[in-house]
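In: with the sequence up front, the predicted model follows.
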Amino acid sequence: MLLWLILIPVIAAALIGLLRMPGRATALAAAAIMLILGVGAVLCPTECSDCLSTFCGVRLQFTLVSSISKAMVLLAVLVTFAAVAGTRAPSPNAERSWTISTLLISAGAIGAFMSDNILAFYGFHELALIPTFIMIGCYGRGDRRTIAWTTTVYLGLASMVLLAGLLLLCAQMHAWTFTDMAASVYAGIRPTTPCLIGGLLLVGFGTLVSLFPFHTWAAPAYASAPTPIAMMHAGVLKKFGLYGLFTLGLVFGPYCSQIFGSWNNLLLLLLLGNILWVGYVTVSQTRLDDMLGNSSVMHMGYIFLAFAAFIAADGANELAMNGATMLMLAHGLTIAMLFLLTGQVESQTRTLELDSMGGLGRKLPLLGFLFGLAGMASIGLPLLANFAGEYTIFVSCFETWTPGASPSPECCDVLRGISCWLQELCLVGAFFGWIIGGITWVIESISTLFGGLGAVQVTLVFALWGLVISAIYMLRAFRAIFEGDIAHTSERATGLSVMDIIAAGFLALFIVLFGIAPQLIMNL
Amino acid sequence: MIQNLPWLFLVLPLLVAALDWVFFSKCPKTAATLSILSAAATFGLCIAYLAGLQTGLSDVYVWMPTNTDALDLHLGLVMDPLAMRMMLVVTGIGLLVHIFSIGYMKGDGSNLSRYFAGLSIFMFSMSTIVLADNLAMTFIGWEMVGFSSYLLIGHWFHKASAAEAAKKAFITNRVGDFGFLLGILLTLGVFGTLTFSEMGNVSGAVAPTLLTVMVICLFCGAIGKSAQFPLHVWLPDAMEGPTPVSALIHAATMVAAGVYMMVRLQVSMGTEIFTETACLVITTVGAITAVMAAIIATQQDDIKRVLAYSTLSQLGYMVMAVGLLAGEAAMFHLYTHAWFKALLFLGAGAIIVCCHHEQDIWKMGGLVRRMPLTVLCFLMGTFALIAVPGFSGFFSKEAILDAAIVDHPVFFWIGAGVAAITTFYMTRLCLVAFLGKARAHGAEHAHEAGATMVLPLLALAAMAIISGYGFVADYLVPAEGFTAPGFHFGCTFYVSLGALVLGLVAAIVVYGWGKRERDPLAGNFIATALRNRLYIDAFYDKVLIGGLQNCGARIIEFIDSALIRGLLVQGTAWLVGRVGILLSWLQCGSLRAYACITGLGLLLIIVIIAL
Amino acid sequence: MTIPLAHYLIFSGILFSIGLAGVLIRKNILVVFMCLEMMLSAANISLVAFSRAQGTDGIPVYDAQVLSLFIVAIAAAEVSIGLALIVAMFRATRSVDSTSLNTLKD
């Protein structure tokens, strides 16, 4: 049954491509079947928790055991359906490639989320990157060739680093599936070069999830990609890296900090880069698609924060895991809905420049309502899905903390060392040395002021400011597009088609559902 | 079953809001009826509970399950007098505002279903704050009231000013929530729980600094929501919303949520958690807000803005009382203030509608002859606000001053001074708007408002008069075992009487008996500064938002695109390309050169092996 | 009299150098090809010479001679393929100039 989840989109893509069946209708049927199968697979895990399939002589194993993998498959089928239903290609010819690409990305993503075999897990993701490249190159906005190449080379390099890390890990653990690896860990086998592997994996997975400073590919790619591709990539495929990190974290359990622990302080710094730095980059964007692309990069910081908390607690932080799962699902739905609506806004107004829009809410109140809902979800309004994830992550950071437990974060010593070293080095070094010294001082004083916070908690203090930043850019965009006087671009608006409304409403329904009943996901 | 009835306080309005917005967006009449019915139902339920329906605690639902019970986000209700009597204020004023809205919004072209859905969301979220039995649930309500406030301030979103005001309100509140959330997390660390009833004991030894920081962080939430200095800027702008909304959300209930939350924390954590430093910070913030807002109010011309600044100033009083650890006095003032300020706002709303949406008091005048009933009600509210002995505001204000007089005489005198200024600007408002002759076309044709508007006014006017007396206050003031203070002729009484007389006389001397055509105090630089809100908003707009944030964001964006995307990423690509071009010289395509290189390579290998 | 080994080696070296120089210098690919053969012959000569010199009692070491026979056989095979390629190339480009064979560079 699980194999069919991957085969159906591939078969449908083949039917469209080879037998010239009508693109949209076939894809819609495939997406609907996938939706039913996917939801069924997630709801009845007993029937298909462990499906063995031999495929072309390679033993592939698909499992749907961990809650994170269930949530991701659920996300994939939901977003696929909305992406197929809600977007319309510019021409019948393009419609074929659009639907084929969407289906293939979906197949790749679902395959990656279900694979037990680590190489298949890697390979499926690579498969999904190919249509992304083609679609940005052929149907993208703006400077599409450059963006397509940049993205592909960037992600290709990241995948190479990732592959090196995965191969090293597999070779040293003598295990090539997640299940076997967990057994190896249980049997006491440990990687011999954990630090190197951790670094490779963090850089590899991190780049795929646009971890600062490897984030610059993401926003232009999403801004340029055609709507269904942006939805699939930002919503679903991007979660691959986080999924990989958390799955390995689960596999290694209490020993995960041996691999990632030495990188944790750096990771904390980088995720602050995601939240604050990219957050302010987002604030200064003037186009809706750029803004959404950057906002998606920014929100990844929170999930990395959950991962850092998970590692800092030696894998004993189930809450961080739950929160990350919830936020990954919620963010996927939200950003997919936002990109979907962006496409609709563009087709109504023919522009995405925030300055030249306005008053669309009076012409199309329903579009305004849906966009407002998705926007509010993305800035973490309670009763919408993202809040549950964000709140759980915040709490998880404080789960292991007791007042006065750690007098000063251990990272301060490292930082102070670097600072001293730089100051002795040369004049320019001294400048950066002072800056780092200043940062150290700030971290230490915050830590002491708040009664001995650890590194994760100090990071959280800064990360919370992201809540304000996201409110700023999202409300600004909403204000610019939907409120105020009716701009001439809004005069053109004709109205949404039924399928547009159904697709966006479909995602909105699940955002609200998971927001009101987050235990549906947390208890998966 | 019956013990779970209080969940109706939350479920009913939320359901109605969803119905209104999704299903009845095209039939505003049905939407309005549903909203009013839900408000009436919750009000009835509230009265039933206060009359003794209460049978046991309601069930607790786990909302976000975790592996440890302490971290579960659960939904539970507290139904102590503090919460249930607060609910009476919320649902009571809510119901009156719903009714008033029918008259006020009649003939308005906007989507009324959205308006009533917003009101219902507000009722839901405010009830969540009031009834929440843990801080996480409070936070949910906290965010949701912010959202409903955003929705309702921006109800006329086609007006740029309303859209901007809504945005400003939401973001300013978010800044406060930043601290609030931090405070919640610290609370979780310090107490090991977020449930109010389990906050009795501190886990382990906690440094007083940490307690101070925790309390101040939690207070940040109140600074945002209750619009205290320095986050007060959103409240006056929030007057862009429809007036009934201003009455309900931005005067009576939501802005008081901060005070309610602080009092709730004092009750559950115990006042010893509130360290001296923390209390001093809270009291000072309250005092600054009270003084600053009162002074600014003296030079405002928009009737709603005068009332908005007066709300700020009264909230400052309440926060001061919280800081003085006089939670009971704070709640008493919150309760009386809710009635009379709602009355003032609704009265102002009626006046605005009847003057054809004129809000400038200098374009009114002579209203006392044209709409005597409304003006009379408004005067009742004014008397309560300026603390005329016998009116409700008098008792509650005196309670706060009493709390300050012994230990903190400075704050006592600040409070007395603010009382004098309050009297001054309210008297100015009444003299200018109600007496003399009409100064503009709108005011000439003013007439008494319809029944849906006058009846709520009468009800509120009654409450403004009597709610301070023991026979009402003892049963309705949101505090455990409250007894109304009544009259006692001490120092406080004479000082506040003096402040009242001082303010009255000063206002009458300056503004005469309705003969002035324009403000005699306007024109000098102090008045200009006050009219420009002491330049605080301008400072925020120009320096913090325009300067620091936007410039900073642009610099960061530049570095991001130039340095990281440009130099590092594209630079690496360029470097690789250059090296490739350089190396392609080796690939010259000449067979002989290849052979030569092969030979040289062979030679090199031989040499290396030989050596 | 016996010719000393050094003479064979010097001859072989000269032959190899001529071949190498031809490969490096000449444009005509046929000549280059012949020069390659010349280098192989030079290697053969030195192999045979070594085989004689290393031998005892007039019996050479046959290993080296076997190797040279191998080289002759492989050279024959190589010539057949190489000449066929050159003919094919000439048919395609009407020239046997090696400098004109740089299509891949552009």
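Out: All right, it came through fine.
In: model confidence for the closest residue to residue B:302 other than its chain neighbours, exactly?
Out: Spatial nearest neighbour of residue B:302, chain neighbours left out: residue B:359 (4.9 Å); criterion: Cβ to Cβ, 6 or more residues apart in numbering or on different chains. All C-beta atoms are positioned from the backbone trio N, CA, C, and that covers glycine. Residue B:359 is assigned 86 on the pLDDT scale.
In: dihedrals phi and psi, residue B:359?
Out: Per-residue torsions, residue B:359: phi -110, psi -10 (degrees, to the nearest 10).
In: ok, it - contacts?
Out: Applying Cβ atoms under 8 Å, 6 or more residues apart in numbering or on different chains, we find residue B:359 in contact with B:302, B:303, B:304, B:352.
In: which stretches of chain B have low pLDDT?
Out: Under the criterion pLDDT under 70, the flagged ranges of chain B are B:1, B:53-56, B:67-70, B:203-205.
In: and if you look at chain A?
Out: Using pLDDT under 70, chain A drops low at A:45-61, A:404-414, A:425-429, A:451.
In: show me where it has its strands.
Out: A:50-55, A:58-63 (DSSP state E).
In: what sits against residue A:522?
Out: A:67, A:322, A:325, A:326, A:388, A:392, B:64, B:65, B:66.
In: so who does the closest residue to the fourth one other than its chain neighbours touch?
Out: It stands for residue A:326. Of all residues not flanking residue A:326 in the chain, residue A:389 sits nearest, at 3.6 Å (Cβ to Cβ, 6+ apart). Applying Cβ under 8 Å, 6+ apart to residue A:389 gives the contacts A:302, A:323, A:324, A:325, A:326, A:327, A:328, A:329, A:330, A:331, A:518.
In: by neighbour count, which of those wins?
Out: residue A:326 (33 neighbours; other Cβ atoms under 10 Å in any protein chain shown).
In: from residue A:388, how far off is it?
Out: Going from residue A:326 to residue A:388 by Cβ to Cβ, to the nearest Å gives 5 Å.
In: next, show the common contact partners of these two.
Out: Common contacts of residue A:326 and residue A:388 (Cβ under 8 Å, 6+ apart): A:514, A:518, A:521, A:522.
In: from these, which land in helices?
Out: Within the shared contacts of residue A:326 and residue A:388, residues falling in helices by DSSP state H are A:514, A:521, A:522.
In: nearest to chain C, of those residues?
Out: residue A:521 (56.5 Å; Cβ to the nearest Cβ).
In: isn't that closest one right next to residue A:328, touching?
Out: No - applying Cβ atoms under 8 Å, one finds residue A:521 not in contact with residue A:328, separated by 9.8 Å.
In: which residues do those two both contact?
Out: Joint contacts of residue A:521 and residue A:328 (Cβ under 8 Å, 6+ apart) are residue A:71.
In: list the buried residues of the longest helix along chain C.
Out: Scanning chain C for the helix with the most residues, using DSSP H, yields helix C:62-93. Across helix C:62-93, burial judged by 16 or more other Cβ atoms under 10 Å in any protein chain shown covers C:64, C:65, C:67, C:68, C:71, C:75, C:82, C:89.
In: roughly how far apart are the first one and chain B?
Out: Summarising the geometry, the distance separating residue C:64 from chain B, computed by Cβ to the nearest Cβ, to the nearest Å, is 20 Å.
In: residues contacting that residue?
Out: By Cβ under 8 Å, 6+ apart, the contact list for residue C:64 reads C:47, C:48, C:50, C:51, C:54.
In: among those, name the buried ones.
Out: C:47, C:48, C:50, C:51.
In: adding distance to chain A, write those residues out as a markdown table.
Out: As requested, these are arranged in a markdown table below (distance: Cβ to the nearest Cβ, whole Å):
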| residue | distance to chain A |
| --- | --- |
| C:47 | 45 |
| C:48 | 51 |
| C:50 | 47 |
| C:51 | 49 |
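In: okay, and which of the residues you listed map to helices?
Out: C:47, C:48, C:50, C:51.
In: quick one: the closest residue to the last one other than its chain neighbours and residue C:71, what's the gap?
Out: Okay, so that is residue C:51. Among residues not flanking residue C:51 along the chain, residue C:64 sits closest, at 3.6 Å (Cβ to Cβ, 6+ apart). Separation of residue C:64 from residue C:71 (Cβ to Cβ): 11 Å.
In: quick check: neighbours shared by these two?
Out: Listed as contacting both residue C:64 and residue C:71 by Cβ under 8 Å, 6+ apart are residue C:47.
In: centre-most residue in the chain?
Out: As the question left the chain open, I've gone with chain A. Among the residues of chain A, residue A:239 comes closest to the average C-alpha position under Cα atoms, centre = their mean, at 3.8 Å.
In: sorry, should have said chain C
Out: Centroid check for chain C by Cα atoms, centre = their mean gives residue C:40 as the closest residue, at 2.4 Å.
In: wait, doesn't that residue sit right on residue C:75?
Out: Yes - with contact defined as Cβ under 8 Å, residue C:40 reaches residue C:75; the gap is 5.0 Å.
In: okay, now the residue in the stretch 101-250 of chain A positioned nearest to chain B: neighbour count?
Out: Here the stretch 101-250 of chain A gets closest to chain B at one residue, residue A:216, 3.8 Å apart by Cβ to the nearest Cβ. By the criterion of other Cβ under 10 Å, residue A:216 has 24 neighbours.
In: sorry, back to before: and the gap between the closest residue in space to the residue nearest to the centre of chain A that isn't next to it in sequence and residue A:335?
Out: Once flanking residues are discounted, residue A:239 sits nearest to residue A:328: 4.9 Å by Cβ to Cβ, 6+ apart. To residue A:335, residue A:328 is 11 Å away according to Cβ to Cβ.
In: next one: residue A:165
Out: 27 Å.
In: same check on residue A:481?
Out: Plainly put, residue A:481 is 17 Å away from residue A:335 if you go by Cβ to Cβ.
In: pretty sure residue B:360 contacts residue B:304?
Out: No - using Cβ under 8 Å as the test, residue B:360 is too far from residue B:304 to be in contact (10.3 Å).
In: ranges for the helices of the stretch 51-200 of chain A?
Out: Secondary structure of the stretch 51-200 of chain A by DSSP state H, counting those that start in this stretch: the helices cover A:67-86, A:92-114, A:118-139, A:144-173, A:178-186, A:194-208.
In: of those helices, which stretch is the most buried?
Out: Sort the helices of the stretch 51-200 of chain A by mean neighbour count, taking mean count of other Cβ atoms under 10 Å in any protein chain shown, and helix A:67-86 sits at the top with a mean of 27.
In: pLDDT weak spots in chain C?
Out: C:1, C:102-106.
In: 90 - rerun?
Out: C:1-5, C:20-30, C:32-33, C:36, C:50-65, C:89-106 (pLDDT under 90).
In: could I have the CA atoms of stretch B:238-245 written out in CSV?
Out: Backbone C-alpha positions of stretch B:238-245 (Å, rounded to 0.1, in the frame of the first residue of the first chain) are rendered in CSV as follows:
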residue,chain,number,x,y,z
ALA,B,238,-7.3,52.4,17.9
MET,B,239,-10.1,55.0,18.0
GLU,B,240,-10.2,54.6,14.2
GLY,B,241,-12.4,51.6,14.9
PRO,B,242,-16.2,51.9,15.3
THR,B,243,-17.1,53.6,18.6
PRO,B,244,-18.9,50.6,20.1
VAL,B,245,-15.7,48.6,19.6
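In: with that, I have no additional questions.
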